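Colleague: prediction below, plus the sequence it came from.
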2 protein chains.
Amino acid sequence: MEYEEKTVSKENVFDGNIIGVDVLKVSQPDGKEATREIVRHSGGAAVVPINEKGEVYLVRQYRKPVEAELLEIPAGKLDEGEEPLECAKRELKEETGLEAKKIKHLIDLYCAPGYSSEKIYIYAATDLVEGEPCADEGEFITTEKIHINKLVEMVMNNEIPDAKTVVGILLAEKIVKGEIKI
Amino acid sequence: MEYEEKTVSKENVFDGNIIGVDVLKVSQPDGKEATREIVRHSGGAAVVPINEKGEVYLVRQYRKPVEAELLEIPAGKLDEGEEPLECAKRELKEETGLEAKKIKHLIDLYCAPGYSSEKIYIYAATDLVEGEPCADEGEFITTEKIHINKLVEMVMNNEIPDAKTVVGILLAEKIVKGEIKI
């Protein structure tokens, strides 16, 4: 199979600061039309900061959409025209105060490709230098440093439900074990 | 830190078949108000089907929001009132034709907790019996069976960008290696 869904019509139904929503009519391989509800998002970058002891820095913050405080890898939305690598470094500094002498692209993730265009670029940061966080106004976050073995255990105990963070932790485990060279 | 953002007001700006969108005013710890744009989604279930050879069944389908054909673990949206386990079994059968004698809950994922309420329940399916797929009308999908070692390689080569699928593959690797007992 190799095909694409062609856009027949597009209606913009919402434009916000973070997301927009379009409703599309698309044509399918059988010639029929279908509706697609699509969240537009500019994308983001996330970074797994790993120190020489095998500890990972995470941030804890309240997430209104799921009404819960979550432990996540530092991440944020791309500013307009911002390169993902710059975004990763900026968010790392703002949220944790860390600067990384070494930062490497791992993989990219589509978070919810069934209805959202959002793509997150995932990086690993090592050779870390600690400093003062400088979160944006209205961001209430705290940093935690947890060993990778404990984090993998927490993933398996369903204590870390954020998808990009689970990916970051499972890749960090491979980095710490030497299965991935960075 | 331990706090929640209280809802001050809520405006429903879109109601579709798959998603809805609300714009909320919330009160923050410093007493200031902030805006939250929230996609409402009923949640879903996804299942990693692993056979005795260490191969995983995946489905390939076109995803309009990202304009790409993606390789994903079988998954779908919860029907109204449907239990996640029932949804996982139903989607597995519909998309791949497989029935599993053994199915175990692994973890849950929030796909995009910054703006979406969606939660996906992830299962592992083993002791598989092959059969005929019966996809919904308008679903154009094909099934592929790939060995877990190859899949982990594909993840690292950035060939599998769907977040829930990356999580499913990295957990399946642990299952095949015996690091997770199911």
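Modeller: Structure's in. What do you need? Residues are numbered from 1 along each chain as shown, chains lettered A, B, ... in the order given.

Colleague: domain ranges for chain A?
Modeller: Domain ranges of chain A: A:6-41, A:44-176, per automatic domain parsing.

Colleague: dump those to a markdown table, plus mean pLDDT.
Modeller: Below are the domains of chain A laid out as a markdown table (pLDDT from 0 to 100):
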| stretch | mean pLDDT |
| --- | --- |
| domain A:6-41 | 96 |
| domain A:44-176 | 96 |
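
Colleague: can you say which of these is packed in most?
Modeller: domain A:44-176 (a mean of 19; mean count of other C-beta atoms under 10 Å in any protein chain shown). Yep, even glycine has a C-beta here, placed from its N, CA and C like the rest.

Colleague: mind checking the end-to-end distance for that domain?
Modeller: 25 Å (C-alpha to C-alpha, to the nearest Å).

Colleague: how far off centre is it?
Modeller: With C-alpha atoms, centre = their mean, to the nearest Å as the basis, domain A:44-176 stands 7 Å off its chain's centre.

Colleague: next one: stretch A:37-44
Modeller: Per C-alpha atoms, centre = their mean, the centroid offset for stretch A:37-44 relative to its chain is 13 Å.

Colleague: now check that stretch, is it near chain B?
Modeller: Yes. Shown here: stretch A:37-44 in contact with chain B (C-beta under 8 Å from any C-beta of the partner chain) through A:37-39, A:41.

Colleague: looking at chain A, which residue lies furthest from center?
Modeller: A:Gly31 (36.1 Å; C-alpha atoms, centre = their mean).

Colleague: what separation is there between it and A:Ala135?
Modeller: 52 Å (C-beta to C-beta, to the nearest Å).

Colleague: distance between stretch A:30-44 and the chain's centre?
Modeller: The answer for stretch A:30-44 is 21 Å, by C-alpha atoms, centre = their mean.

Colleague: do the same with stretch A:16-29
Modeller: Here stretch A:16-29 is found 21 Å from its chain centre; the criterion is C-alpha atoms, centre = their mean.

Colleague: any residue of it up close to chain B?
Modeller: Yes. Under the criterion of C-beta under 8 Å from any C-beta, chain B is reached by stretch A:16-29 at A:16-19, A:21, A:23-24, A:26, A:28-29.

Colleague: and the furthest pair within the residues you listed?
Modeller: Across the residues of stretch A:16-29 next to chain B, no pair lies farther apart than A:Asn17 and A:Pro29, at 36.7 Å, counting by C-beta to C-beta.

Colleague: of all the residues of stretch A:16-29 next to chain B, which comes closest to A:Asn149?
Modeller: A:Ile18 (35.0 Å).

Colleague: can I get the residues of stretch A:37-44 next to chain B in a markdown table including secondary structure?
Modeller: Output for the residues of stretch A:37-44 next to chain B, formatted as a markdown table (DSSP: H, G, I helix; E, B strand; the rest coil):
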| residue | secondary structure |
| --- | --- |
| A:Glu37 | strand |
| A:Ile38 | strand |
| A:Val39 | strand |
| A:His41 | coil |
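
Colleague: just the closest of those to B:Lys77, please.
Modeller: A:Glu37 (11.8 Å).

Colleague: which residues does the closest one contact?
Modeller: Counting by C-beta atoms under 8 Å, 6 or more residues apart in numbering or on different chains, A:Glu37 touches A:21-23, A:115, B:16-19.

Colleague: name whatever forms a beta bridge with it.
Modeller: A:Val23 (DSSP bridges).

Colleague: A helix includes A:Thr165, no?
Modeller: Yes. Under three-state DSSP, A:Thr165 falls within a helix.

Colleague: could you report the separation of it from chain B?
Modeller: 9 Å (C-beta to the nearest C-beta, to the nearest Å).

Colleague: and A:Gln61, by the same measure?
Modeller: Relative to chain B, and taking C-beta to the nearest C-beta, A:Gln61 is found at 8 Å.

Colleague: assign a three-state SS to A:Thr86, would you?
Modeller: Thr isn't right for residue A:86; it's Glu. Classified using three-state DSSP, A:Glu86 is helix.
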